[in-house]
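Novice: Please work out how this folds:
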Amino acid sequence: MSASQRLLCTLSHSLPYKSTPFPFLRPSPFYYFPCSRPLSFPTAIMSQNQRKGGNREQTWKQKPKPKAVMSASASVTEAVTNKLGGLNISDGQIWKPKSYGTVTGPNATAVDVQTEKSSVDLSKFFLKPNLLENFNVDNSTYSLAQIRATFYPKFENEKSDQEIRIRMIEMVSKGLATLEVSLKHSGSLFMYAGNEGGAYAKNSFGNIYTAVGVFVLGRMFHEAWGTKAGEKQAQFNDFIERNRMCISMELVTAVLGDHGQRPREDYAVVTAVTELGNGKPKFYSTPEVIAFCRKWRLPTNHIWLFSTRKSVTSFFAAYDVLCEEGTATSVCRALDEVADISVAGSKCHIKVQGEILEGLVARIVSHESSKHMDEVLNDHPPPPADGAGIDLGPSLREICAANRSDEKQQIKALLENVGSSFCPDHSDWYDAHSRNADRSVLSKFLQAHPADYSTTKLQEMIRLMREKRFPAAFKCYHNFHKAESVSSDNLFYKMVIHVHSDSGFRRYQKEMRQKPGLWPLYRGFFLDINLFKANKERAAEIAKCNNDLVGLINNGNGISTRDGLADDDANLMIKLKFLTYKLRTFLIRNGLSILFKDGPAAYKAYYLRQMKIWGTSAGKQIELSKMLDEWAVYIRRKCGNKQLSSAIYLSEAEPFLEQYAKRSPENQALIGCAGNLVRTEDFLAVVEGGRDEEGDLSLEREAAAASISPSVKDTIRKDEGLIVFFPGIPGCAKSALCRELLNTPGGLGDGRQVDSLMGDLVKGRYWPKVADERRRKPYSIILADKNAPNEEVWKQIENMCHSTKASAVPVIPDSEGTDSNPFSLDALAVFMFRVLQRVNHPGNLDKASPNAGYVLLMFYHLYEGKSRKYFEDELVERFSSLVKMPLLKPDRSPLPLSLRSVLEEGINLYNLHTNRHGRFHLSLQFSRWWNN
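Specialist: Here you go, the predicted model:
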């Protein structure tokens, strides 16, 4: 029996065909949706006592840099400052998704500048979008990529925690290494590379996260240096930019959402100092980090060193005793007693964050670390705090509380309070630029000749990740700091390498083991990209420099050869978290969506599974189960059906835990510490789009859409057009939906004409025809009846929206998806089943087609490397809305194993086939699978 026959036979007996008809449908192929709920069009619009220690005039002057004063219309108030000022831009000139808000107020406030002003023409970026389009890659085209900011690579241990412990103890016992342990403060990653270099969060820049980080860092300079703060801030910026450095910090604040405990103060702790150079980034050792921080009076973490067998075994024994009940006080006291060296942090966790301790990070370092640490502590004593007792002006919480209208207003207020000495250029903020540059930046970057060795290695990394379909995005943005250097043959961009799931890091590590020359895949990974043309003389110079540098840089500094340790040993690291923290974040906060959506039984199954994975003791499991069951009843009774927001979950959890702890000493030990709640509701930062920069919170997409998001009909204005398009796969019922919409009296109910363009009936290039139709009928609704599976097509639709004043709504089949594909095998089976039932299809993709299976697998493969979450987030981020068509009942039976094996066999054959033959070559092996 052929694969197509097996699909038909299995599906006809297994799929749950009892369906709920759509309210506007008559009998049609669209009824083949075995769904349990009606089609709806919900729009998932995801637009997203420290007084002492101040802003005052400084006599030190920074080297003058060109700036600008701006006056803009209300729609782009405060959107462009400094270098990008000097232009008035209306909404009609730059298309933005509807979810992108604008600052209220009729006029922008002039930005005070101390240096000469100049204007940069924004048309270089937006009003002349053909700059990049006309930049053709030829033999004279070069690309230069430099890492601009990064954090440590993310290494996933292949061994169990117990095996890692044994190896750590063995290495320390033999005198091969020292164990270094640091506190894990509970916050978010913030990286700073200078005013020109930029401020970055984990996977983004130019938003409230980075504005808060810059403010906190600037304020810490005032606390440390007092009246000299402005001078030192400017010197610090100059130093790290001149030396191409990046400072990574754990940013701990009460304004960016709840973690394990609301901090008493807003602060940051330096976790890494990196020299970016021209090769691999060089990460400072901990003694070097402490020396650097004490020179600039930046806050350091609490560090313990264990250099003997007795001390390292005592450390692990202490953790085992404290892991279920430990708080900051008991843990720090225990480690101070058993460590060979203890270096107190400049920010005491107990005083600034509280007793709830997230965890410890233990890693292997050079056996010389203890000696180096002693030398640093002798040469660099703790610095004074010259800002103590000085009025520093409004605090972070006061500024956020006074500016509650939207995210842009808060960003503006924060950056203005930082002052021009530390942050004279605001061009990365305010969303004046489009969300990202044309996607062809990436392809042209990879096609161009590498201008140096670093670019060669970065191209190699990105090519591999794209070829292997890693769950990662490579988003490019205009680099406004280079605006004055832009020309037709010299283009500048920023690239964000965003790995969407830990599976990407694990897969990349496997590639590194097979290809030792690969550079590591870093967390928080940002590049500066320059595309340029080189004449013969410059090309020859580049070639000579590359030849000279290859040998030197290839033997350069990288974390994999750190301190002369073997690769596996150099990267030995283990994170040790405490149950009092995990109770709050994993069991209470992360369980909210399960509790409110699926009910108490599902929630109980969730937290019991978590505790089993952690290896929680039987006694603690019983105690926690009793407490969490009570919590579930309490919070559902208090909130009803409205899910508690994870950003402020401690507003309810902390009082509950406090009362529960008072009942008995056992309860107190279980909770760890509760009470003295810091109220955040009045000063919580406005984070548009529900973003979670750390990625450890699920976006509350459905709750937000139900509570605050307007409908599609409310969002789309009637004086502009609408494009409805389908990022799907053949058989997803797009044509059936388009027919029903065309035949429904009144169309979409807003009076606009509805037209449909079926891709199988359009001769020539499809999307230019859609653009022509848009121009002919600017206010109509166009149903683009063609699969739109990739970002190149989405970019064309964005351009149509921009040029013809339209909005676009993507319509996708609802599916659970997988870690690497937005469509599950169940969905693929349904799509194949529908195609195999077709007769006389206008595109010849029906049961008579000899390659129907190949075509469906080809479309399925086009989405490979995108998780369902990434797929939906990308569409929402681009088009501000998303419509899901029901597909399968959630309570259906699992896909039969025989059918799953058929599909998996076809997918494997497709991968082998395309690797060998390219896009399409109907191989004998593949034909046998489909026909036999």
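Novice: How far off centre is stretch 313-323?
Specialist: 34 Å (CA atoms, centre = their mean, to the nearest Å).
Novice: Convert the C-alpha atoms of it to PDB, please.
Specialist: Extracted C-alpha coordinates of stretch 313-323, given in PDB (Å, rounded to 0.1, in the frame of the first residue of the first chain):
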ATOM      1  CA  THR A 313      33.300  18.700  49.600                       C
ATOM      2  CA  SER A 314      32.200  20.900  52.500                       C
ATOM      3  CA  PHE A 315      30.600  23.300  50.000                       C
ATOM      4  CA  PHE A 316      28.500  20.600  48.300                       C
ATOM      5  CA  ALA A 317      27.600  19.200  51.700                       C
ATOM      6  CA  ALA A 318      26.400  22.600  52.900                       C
ATOM      7  CA  TYR A 319      24.300  23.100  49.800                       C
ATOM      8  CA  ASP A 320      22.700  19.700  50.200                       C
ATOM      9  CA  VAL A 321      21.700  20.700  53.700                       C
ATOM     10  CA  LEU A 322      20.400  24.100  52.800                       C
ATOM     11  CA  CYS A 323      18.900  23.500  49.300                       C
END
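Novice: Mind listing what's buried along that stretch?
Specialist: Across stretch 313-323, burial judged by 16 or more other CB atoms under 10 Å covers 313-316, 318-319, 322-323. The way it works is simple: take the backbone N, C-alpha and C, and place the C-beta from them, glycine included.
Novice: And stretch 797-817, by the same measure?
Specialist: By 16+ other CB under 10 Å, the buried positions in stretch 797-817 come out as 797-798, 800-802, 804-815, 817.
Novice: Among these, which lie within helices?
Specialist: Judged by DSSP state H, helices contain the following of these: 797-798, 800-802, 804.
Novice: so what's residue 299 up against?
Specialist: Residue 299 sits next to 220, 267-270, 293, 345-347 when contact means CB atoms under 8 Å, 6 or more residues apart in numbering.
Novice: which one of those sits closest to residue 185?
Specialist: When the contacts of residue 299 are ranked by distance to residue 185 (CB to CB), residue 269 comes first, at 5.5 Å.
Novice: which residues does the closest one bridge with?
Specialist: Residues in a beta bridge with residue 269, per DSSP bridges, are residue 250.
Novice: Pretty sure it sits against residue 247.
Specialist: No: counting by CB atoms under 8 Å, residue 269 does not reach residue 247; the two are 11.1 Å apart.
Novice: ok, and the residue nearest the centre of the chain, which helix or strand is that part of?
Specialist: Centroid-nearest residue in the chain, with CA atoms, centre = their mean: residue 203, separated by 4.3 Å. Applying DSSP states H and E as the criterion places residue 203 outside every helix and strand.
Novice: For it, which non-adjacent residue is closest in space?
Specialist: Nearest residue to residue 203 in three dimensions, chain neighbours excluded: residue 498, at 4.3 Å (CB to CB, 6 or more residues apart in numbering).
Novice: and whichever strand or helix holds that neighbour, which residues are buried?
Specialist: Element membership for residue 498, per DSSP H and E: strand 490-499. Buried residues in strand 490-499, counted by 16+ other CB under 10 Å: 491-499.
Novice: between these, which is nearest residue 429?
Specialist: Nearest member of the buried residues of strand 490-499 to residue 429, counting by CB to CB, is residue 494, at 13.4 Å.
Novice: who's the closest one bridged to?
Specialist: residue 477, residue 528.
Novice: my guess is residue 530 is in a strand, correct?
Specialist: Yes: with DSSP: H, G, I helix; E, B strand; the rest coil as the criterion, residue 530 is located in a strand.
Novice: Let's verify the nearest residue to it once chain neighbours are set aside: helix, strand, or coil?
Specialist: For residue 530, ignoring the flanking residues on the chain, the nearest one in space by CB to CB, 6+ apart is residue 144 at 4.3 Å. Reduced to three states with three-state DSSP, the structure at residue 144 is strand.
Novice: Quick check, residue 144 in contact with residue 529.
Specialist: Yes: with contact defined as CB under 8 Å, residue 144 reaches residue 529; the gap is 7.4 Å.
Novice: Tell me which helix or strand residue 859 sits in.
Specialist: For residue 859, the host element (DSSP H and E) is helix 852-862.
Novice: Return the distance of that helix from the chain's centre.
Specialist: Centroid separation for helix 852-862 versus its chain: 29 Å, with CA atoms, centre = their mean.
Novice: After that helix, heading C-terminal, what element do we hit next?
Specialist: Heading C-terminal from helix 852-862 (DSSP H and E), you reach helix 868-879.
Novice: which parts of whichever helix or strand comes after that next one are buried?
Specialist: On the C-terminal side of helix 868-879, the nearest following helix or strand under DSSP H and E is strand 883-885. Going by neighbour count (16+ other CB under 10 Å), the buried part of strand 883-885 is 883-885.
Novice: What is strand 883-885 packed up against?
Specialist: The contact analysis (3 or more CB pairs under 8 Å, 6 or more residues apart in numbering; DSSP states H and E) places strand 883-885 against strand 806-813.
Novice: Any regions of the chain where pLDDT drops low?
Specialist: Along the chain, the parts satisfying pLDDT under 70 run over 1-129, 155-158, 431-436, 547-570, 675-719, 913-932.
Novice: how does it divide into domains?
Specialist: When the chain is parsed with automatic domain parsing, its domains come out as 131-153+434-569, 588-688.
Novice: so which of those domains comes closest to residue 184?
Specialist: Comparison of the domains of the chain against residue 184 by CB to CB identifies domain 131-153+434-569 as nearest, at 13.4 Å.
Novice: Now find how far off-centre the closest one is within its chain.
Specialist: Distance of domain 131-153+434-569 from the chain centroid (CA atoms, centre = their mean) equals 19 Å.
Novice: Pretty sure residue 358 sits against residue 581.
Specialist: Yes: using CB under 8 Å, residue 358 is in contact with residue 581, at 4.8 Å.
Novice: Start and end of stretch 745-753, how far apart?
Specialist: In stretch 745-753, first residue to last residue: 11 Å (CA to CA, to the nearest Å).
Novice: got the buried residues for that stretch?
Specialist: Neighbour counts over stretch 745-753 (16+ other CB under 10 Å) mark 747-748, 752 as buried.
Novice: again, but for stretch 499-519
Specialist: 499-501, 504-505, 507-509, 512, 518-519.
Novice: Which ones among these lie within strands?
Specialist: In this view, these that belong to strands under DSSP state E are residue 499.
Novice: Need phi/psi at the closest residue to residue 336 other than its chain neighbours.
Specialist: Nearest non-adjacent residue to residue 336, counting by CB to CB, 6+ apart: residue 342, 4.9 Å away. The phi/psi pair for residue 342 (degrees, to the nearest 10) reads phi -120, psi 120.
Novice: I'd like to know how far residue 342 sits from residue 758.
Specialist: Distance, residue 342 to residue 758, using CB to CB, to the nearest Å: 72 Å.
Novice: For the closest residue to residue 373 other than its chain neighbours, what is the enclosing helix or strand?
Specialist: Take residue 373 and drop its neighbours on the chain: the residue closest to it by CB to CB, 6+ apart is residue 287, 4.8 Å away. Counting by DSSP H and E, the element that carries residue 287 is helix 286-296.
Novice: Check which helices and strands that helix sits against.
Specialist: Packing contacts for helix 286-296, counted by 3+ CB pairs under 8 Å, 6+ apart, involve strand 267-275, helix 369-379.
Novice: Helices along the stretch 301-450 of the chain, start to end?
Specialist: In the stretch 301-450 of the chain, the helices defined using DSSP state H, counting those that start in this stretch lie at 309-322, 328-338, 349-352, 369-379, 396-402, 407-418, 440-447.
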